[in-house]
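Enquirer: need a 3D model of the sequence below.
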Amino acid sequence: MKSLVFSLLLILLFFVPAHSEAKEIAYLDITSPDARKINVAVPWFFNKDRPETLQVYGRELARTLSDALLFHGIFTLTPYKQQEKLQAPDWKTLGADFVVLGSYVLSASGVQLEIKLLDVAGGDMIMGKRYKGSRDLEQQMLYKFTDSVIKDLTGQKGIASSKIAFVSDQNGYKEIYTTDILGRQIRQITRHKNLVVSPRFLPGGRFLSYTSYHSGNPNLYITDLNQSKTTRPLSRRKGMNLAPAWSPDGKRMILTLSKDGNPDLFMCDRKGKIIKQLTRRSGINVSPTWSSNGEKIAFVSDRSGRPQIYVMDLKNNKVQRITFKGQENAEPDWSPRDNLIAYSSLVEGSYQIFTVSSRTGSMPKQVTNGPGHHESPSWSPDGKQILFSYRAGGSQKIYAVLKNGTHMRQLFSLSGNQTYPQWTNIDN
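Expert: Below is the predicted model of the structure:
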């Protein structure tokens, strides 16, 4: 199991401060639309045993690290002639703010990476790390370094090591897959050969729940991602057993059940036992999402005639409607970092992603625009990006965008359609 193996890696961290005296660190706000992107140079890694000759392996290491940095939306790569491969150009003249210098040593047991982040203006080493492990873990090593770079520059750990789940029909059936942020480690999770929907990670990323129709009824299942075939049912009640929202501690879930006819929200424990019913026949109630402090949920209800977003205080079950604009508002997802709720809204015939505060009377902010449908938003673990499914021209692909509406792009070039994306952090 890679996650367990990786935890046993020898990881030696060293830090050299720029000055002997402590100084205040000015963190970057990557959500500001006016923020200038950081120019970073990432030359090829070099082999310590053959430093005079650059190799394709070193190029691939640099490319993966560059892609992981660019994914966060705050960097641009400093262009330079590839002939200058020996990590010795005048980076300041080339316009670089920072440079990442990497080296590696290959052995029969795997690879050792040594990577440094340098401040070009001051000539100081901001951070350096050394990783050692098997070759199949090199990508995780580069992701961990990326996350450390983001933390040093923004004050908050990066999301390179996070995981994404989605539904794909690339094999003829709608099954669930997981991937890393760059789409290089695709893994098929379900093999029901039937309709599977609504993947939901449990906190920590080890377990994944989903609804499958393979038995003829939409039943809820949970699978251990560290095992190959450890899947068990959570709820097989008659009717809907759909899309649970997991509490921040992973001990409870809120899901939609229609066992009594009307789709209502129920709070259950981790084994699927009902703790209490939250809604009672006040329209169709679906798509719950939990606030980061565990005190409230947002959900969708058509009790007012059309689907709208509501917030419930779990202490007293008091409900307030928070969306009033748009023909239809659905699929809420509560940010793990602040009080914003992302959702899809039908505006002039197209679904667009909006965010809104949970406070009554708050004005929504449109994040996406343009043709096509932007659906199923899911926040990144750092609360700075939103994942969604983009539907246009008969196909559906996974996109991401910064919460300020910039840096929108397609993430993966995979066959078939991809829907129901979900993002989670992974506990190391």
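
Enquirer: centre of the chain to the one helix or strand residue 398 maps to, how far?
Expert: Element membership for residue 398, per DSSP states H and E: strand 395-402. A distance of 12 Å separates the C-alpha centroid of strand 395-402 from that of its chain, computed with CA atoms, centre = their mean, to the nearest Å.

Enquirer: how about it: buried residues?
Expert: Using 16 or more other CB atoms under 10 Å as the burial criterion, the residues of strand 395-402 that qualify are 396, 397, 398, 399, 400, 401, 402. Any C-beta I mention is one placed from the backbone N, CA and C, and that applies to glycine too.

Enquirer: contacts for the helix or strand just after it next, please.
Expert: Stepping forward along the backbone from strand 395-402, the first helix or strand reached (DSSP H and E) is strand 409-410. Residues from elsewhere that reach strand 409-410, judged by CB atoms under 8 Å, 6 or more residues apart in numbering: 390, 397, 398, 399, 400, 401.

Enquirer: and residue 336, how many residues sit next to it?
Expert: Taking other CB atoms under 10 Å as the criterion, the count of residues near residue 336 is 18.

Enquirer: what's it in contact with, if anything?
Expert: For residue 336, the contacting residues are 292, 379, 381, 382, 383, by CB under 8 Å, 6+ apart.

Enquirer: repeat that with 10 Å
Expert: 203, 248, 290-292, 379-383, 423-425 (CB atoms under 10 Å, 6 or more residues apart in numbering).

Enquirer: can I get these in JSON lines with neighbour count?
Expert: Shown next, in JSON lines, are the contacts of residue 336 (neighbours: other CB atoms under 10 Å):
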{"residue": "203", "neighbour count": "17"}
{"residue": "248", "neighbour count": "14"}
{"residue": "290", "neighbour count": "23"}
{"residue": "291", "neighbour count": "21"}
{"residue": "292", "neighbour count": "15"}
{"residue": "379", "neighbour count": "26"}
{"residue": "380", "neighbour count": "25"}
{"residue": "381", "neighbour count": "20"}
{"residue": "382", "neighbour count": "23"}
{"residue": "383", "neighbour count": "19"}
{"residue": "423", "neighbour count": "25"}
{"residue": "424", "neighbour count": "26"}
{"residue": "425", "neighbour count": "18"}
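
Enquirer: and those residues as a markdown table, adding pLDDT?
Expert: Formatted as a markdown table, the entries for these read as follows, by pLDDT from 0 to 100:
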| residue | pLDDT |
| --- | --- |
| 203 | 94 |
| 248 | 95 |
| 290 | 97 |
| 291 | 96 |
| 292 | 94 |
| 379 | 98 |
| 380 | 97 |
| 381 | 96 |
| 382 | 95 |
| 383 | 96 |
| 423 | 96 |
| 424 | 93 |
| 425 | 85 |
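
Enquirer: now, these that are in strands?
Expert: The strands in this structure, assigned by DSSP state E, contain 290, 379, 423, 424 from the contacts of residue 336.

Enquirer: where does the stretch 1-150 of the chain have low pLDDT?
Expert: 1-34, 80-88 (pLDDT under 70).

Enquirer: please enumerate the strands of it.
Expert: Using DSSP state E, counting those that start in this stretch, the strands of the stretch 1-150 of the chain run over 10-14, 38-41, 46-47, 75-77, 98-107, 110-119, 124-133.

Enquirer: right, and the ones you listed - which one's nearest residue 366?
Expert: Minimum separation from residue 366 across the strands of the stretch 1-150 of the chain (CB to CB) falls at strand 75-77, 25.8 Å.

Enquirer: contacting residues around the closest one?
Expert: The contact list for strand 75-77 (CB under 10 Å, 6+ apart) reads 30, 36-42, 66-70, 95-98, 149-150, 153.

Enquirer: could you rerun that using 6 Å?
Expert: 37, 38, 39, 40, 66, 69 (CB atoms under 6 Å, 6 or more residues apart in numbering).

Enquirer: buried subset of those residues?
Expert: Buried members of the contacts of strand 75-77, scored by 16+ other CB under 10 Å, are 38, 39, 40, 66, 69.

Enquirer: ok, so of the contacts of strand 75-77, who is nearest residue 112?
Expert: Lowest distance from residue 112 to the contacts of strand 75-77 (CB to CB) belongs to residue 66, with 20.4 Å.

Enquirer: go ahead and confirm that closest one touches residue 42.
Expert: Yes: counting by CB atoms under 6 Å, a contact exists between residue 66 and residue 42, whose distance comes to 4.5 Å.

Enquirer: list the buried residues of the helix or strand hosting residue 153.
Expert: If you go by DSSP H and E, residue 153 is part of helix 138-154. For helix 138-154, burial by neighbour count (16+ other CB under 10 Å) applies to 138-150, 152-154.

Enquirer: cool, and stretch 274-291?
Expert: By neighbour count with 16+ other CB under 10 Å, stretch 274-291 contains the buried residues 278, 279, 283, 284, 285, 286, 287, 288, 289, 290, 291.

Enquirer: what distance do you get for residue 95 to residue 78?
Expert: Taken as CB to CB, to the nearest Å, the spacing of residue 95 relative to residue 78 amounts to 6 Å.

Enquirer: between those two, which is the more surrounded one?
Expert: Higher neighbour count among residue 95 and residue 78: residue 78, with 20 against 13, using other CB under 10 Å.

Enquirer: that older thread, joint contacts of residue 95 and residue 78?
Expert: Where contact means CB under 6 Å, 6+ apart, the residues bridging residue 95 and residue 78 through contact with each are residue 39.

Enquirer: just to revisit the earlier point, distance to residue 240 for the buried ones among the contacts of strand 75-77 - can I get that in JSON lines?
Expert: As requested, the buried ones among the contacts of strand 75-77 are arranged in JSON lines below (distance: CB to CB, whole Å):
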{"residue": "38", "distance to residue 240": "47"}
{"residue": "39", "distance to residue 240": "51"}
{"residue": "40", "distance to residue 240": "48"}
{"residue": "66", "distance to residue 240": "45"}
{"residue": "69", "distance to residue 240": "42"}
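
Enquirer: between those, which sits nearest residue 269?
Expert: Ranking these by separation from residue 269, with CB to CB as the measure, puts residue 69 on top at 41.0 Å.

Enquirer: residues in a beta bridge with the nearest residue to the closest one once chain neighbours are set aside, which ones?
Expert: With sequence-adjacent residues excluded and distances taken as CB to CB, 6 or more residues apart in numbering, residue 69 is closest to residue 75, at 4.8 Å. Assessed by DSSP bridges, residue 75 has beta-bridge partners residue 38.
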